[in-house]
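Participant: here is my input, please return the structure:
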Amino acid sequence: MRQSAWRLLTVAMVALSAVAGGCSDTTSEADHHLEHDIPEHKPASFSDAVAELELRGKSLAQQPINGKRLAELTDIINWLPELAADSDLRRQQWEQVQQTSHELSGIVSHLGEEPVTSTEQETWTRSVAVLQKLVPDADALGPTASGKARSHQHHSHHDHGDSPAHETETEQ
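Facilitator: I've put the predicted structure just below:
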């Protein structure tokens, strides 16, 4: 009888190991899949996105933009509010990013159809300048250790200057 108890225990441990091993493989596979869903052209931070918009904006008037380049530019503009939220910007600054991203979206919305006008180029340059002024505040706590954008978990552990305690500190 003692021998059958050992067999039962061994079978139970093997079964438990197989189940536990299967769960960890699934998690690793899911994590691996998520890593590959981040497009290569997605900037790691708000400041990287602003630099990319400045660089890409210089070529707007010089050459037509369409296809992949237009899609990437549209993506970067659409990611601005998310990247700003994951930075050290305050709420009012984030709202400014949101408004500026709408202005930039308006410019690129028809780029595949017609060239950018001089007025739109000026608006682009002015909008990027607004964003550039926010970069020092976005990186106020310095870059993350991994060099990647902050996670939403980290983001939830600091405020954007809109809490009453922070307002008191800055008024002194």
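Participant: quick check, Pro64 in contact with Pro115.
Facilitator: Yes - here Pro64 reaches Pro115: they are 6.4 Å apart, a contact under C-beta atoms under 8 Å. The way it works is simple: take the backbone N, C-alpha and C, and place the C-beta from them, glycine included.
Participant: does the closest residue to His41 other than its chain neighbours belong to a helix, a strand or coil?
Facilitator: The shortest distance from His41 to any residue that is not its chain neighbour, by C-beta to C-beta, 6 or more residues apart in numbering, is 4.5 Å, and that residue is Glu72. Here Glu72 takes the helix state, with states given by DSSP: H, G, I helix; E, B strand; the rest coil.
Participant: could you report the neighbour count for Glu72?
Facilitator: Using other C-beta atoms under 10 Å, Glu72 has 17 neighbouring residues.
Participant: for it, give its distance to Trp79.
Facilitator: According to C-beta to C-beta, to the nearest Å, Glu72 and Trp79 sit 11 Å apart.
Participant: domain parsing of this structure, as residue ranges.
Facilitator: What automatic domain parsing lists as the domains of the chain is 1-37, 46-163.
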